[in-house]
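>>> Build me a structure from this.
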Amino acid sequence: MDTRRIKTLISVAKLYYESNYNQDEIAKKLNLSRPTVSRMLNYCKEKKIVQIKIINPFEEFATIERELEEKYKLKKAIVTYSSIDSPNEILNAICAKAASYLNENISDGDAIGVCWGETLYQIAKMLNPRMVRGVRIVQLKGGISHTLSTTHAHEIVEIFSQRFNAIGSYLPLPTLFSSNKTKQIVDQDPYIQSLLQAGIDTNIALFTVGAVQEDSLLFKLGYFSQRQRKMLSKVAVGDIVSHLIDKDGKLCDESLDERTCGISLENLKKKTTRILVAGGSKKHAAIQAALNGGYPNILITDQFTAHSLI
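Numbers count the residues shown, from 1 in each chain. This next block holds a predicted model:
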């Protein structure tokens with residue numbers, strides 16, 4: 001093939017693939033017929049002058065998911081796409097994926113334990129109505145606080161119950177009692193015992209993690225003094241169902257934990273399905289700690305967080 005024809009082929013290819021000219025425009029610009037331009041474009045692909053590579057982000061995610069499953073011994077890792085690395089975009093992406101996963105996997109007779117907070121609230125609102133039978137929604141921890149900061153505790157159970165045609169069980173108690181003695185007295189009540197046992201008996205737990213920072217919801221609820229918050233921030237990196245954990249996923253303060261109202265981390269780990277929905281740079285350390293502790297066996301997160309975890 002002569003040099004002139006090769007240059008024409010390259011010109012046609014560049015105009016079409018790099019400059020976004022259509023075939024009619026190329027024909028007019030180079031004084032060629034449209035069928036000739038079409039044949040030249042096909043020839044360029046056949047002879048590898050033009051090589052088209054399709055990048056499928058889902059293939060990449062499949063690899064990341066397998067790596068997460070192997071590294072953290074997960075039953076399943078689900079990585080979803082967020083257009084940008086921002087808290088709101090990531091929250092929307094992971095909550096939509098979590099709602100989709102629940103819609104597809106909740107079955108008759110399931111008992112779903114839920115915690116509270118913005119992540120669970122957004123998931124609840126994204127759920128589709130399902131005509132399943134005998135499903136129960138159980139609040140895993142108390143949601144009453146001393147401040148105006150909303151936990152969405154009641155709304156989450158209510159919306160989940162509506163979507164899954166389910167019976168809802170609420171835990172109308174504070175997240176943290178002022179003393180262990182007070183909690184022991186409350187725990188002796190048969191009705192409270194039945195509510196706490198209902199949380200233990202759930203086969204599915206849906207939860208997120210909180211980052212231990214000054215603007216953390218757990219710190220906003222009025223349970224800790226400024227001094228306690230500073231002290232806890234030195235060792236705690238996150239909270240799971242309001243239990244503060246260190247970087248290895250271990251409890252930070254046994255005496256504090258004894259005052260916490262809700263399911264214990266030990267009982268959480270006994271559940272068949274334990275779904276952690278979390279993402280974003282602020283929560284990376286907390287998510288890592290939860291995985292190190294072995295609390296979830298299903299992780300739903302974004303691609304930025306997934307890369308950080310690997």
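
>>> And for the residue nearest to K141 when sequence neighbours are not counted, the neighbour number?
Excluding the flanking residues, the one nearest K141 by Cβ to Cβ, 6 or more residues apart in numbering is G262, at 2.8 Å. (Glycine included, C-beta is placed from N, CA and C.) G262 has 23 neighbours, counted by other Cβ atoms under 10 Å.

>>> wait, G262 sits on D239?
No. With contact defined as Cβ atoms under 8 Å, G262 does not reach D239; the gap is 11.2 Å.

>>> And the strands in the stretch 1-150 of the chain?
Here the stretch 1-150 of the chain has its strands, by DSSP state E, counting those that start in this stretch, at 76-80, 111-114, 136-139.

>>> And A98, how far from Q303?
15 Å (Cβ to Cβ, to the nearest Å).

>>> Between these two, point out the one with more neighbours.
A98 (27 against 19).

>>> ok, that one - contacts?
By Cβ atoms under 8 Å, 6 or more residues apart in numbering, the contact set of A98 is 123, 126, 206, 275, 277, 300.

>>> Same check on K97?
K97 touches 78, 80, 300, counting by Cβ under 8 Å, 6+ apart.

>>> how near is it to P87?
For K97 relative to P87 (Cβ to Cβ), the value is 16 Å.

>>> Quick check: the gap between the closest residue to P129 other than its chain neighbours and D108.
The shortest distance from P129 to any non-neighbouring residue, by Cβ to Cβ, 6+ apart, is to R163 (5.4 Å). Distance, R163 to D108, using Cβ to Cβ: 15 Å.

>>> Same drill for those two, tell me which one is more crowded.
Per other Cβ under 10 Å, whichever of R163 and D108 has more neighbours is R163, with 22 against 9.

>>> circling back to that earlier point, closest to R34 out of the contacts of K97?
T80 (42.9 Å; Cβ to Cβ).

>>> I'd say the closest one and N92 touch.
No. With contact defined as Cβ under 8 Å, T80 does not count as touching N92 (9.9 Å).

>>> neighbour-wise, which of these two wins?
Between T80 and N92, counted using other Cβ under 10 Å, T80 has the larger neighbour count: 21 against 16.

>>> Report the beta-bridge partner residues of the more buried one.
Assessed by DSSP bridges, T80 has beta-bridge partners D302.

>>> so how far is V235 from it?
On the measure of Cβ to Cβ, T80 and V235 end up 32 Å apart.

>>> how about the residue lying closest to S178 once chain neighbours are set aside, what does it touch?
Leaving aside its chain neighbours, S178 sits nearest to R259 (7.5 Å; criterion: Cβ to Cβ, 6+ apart). Residues counted as contacts of R259 (Cβ under 8 Å, 6+ apart) are 176-180, 183.
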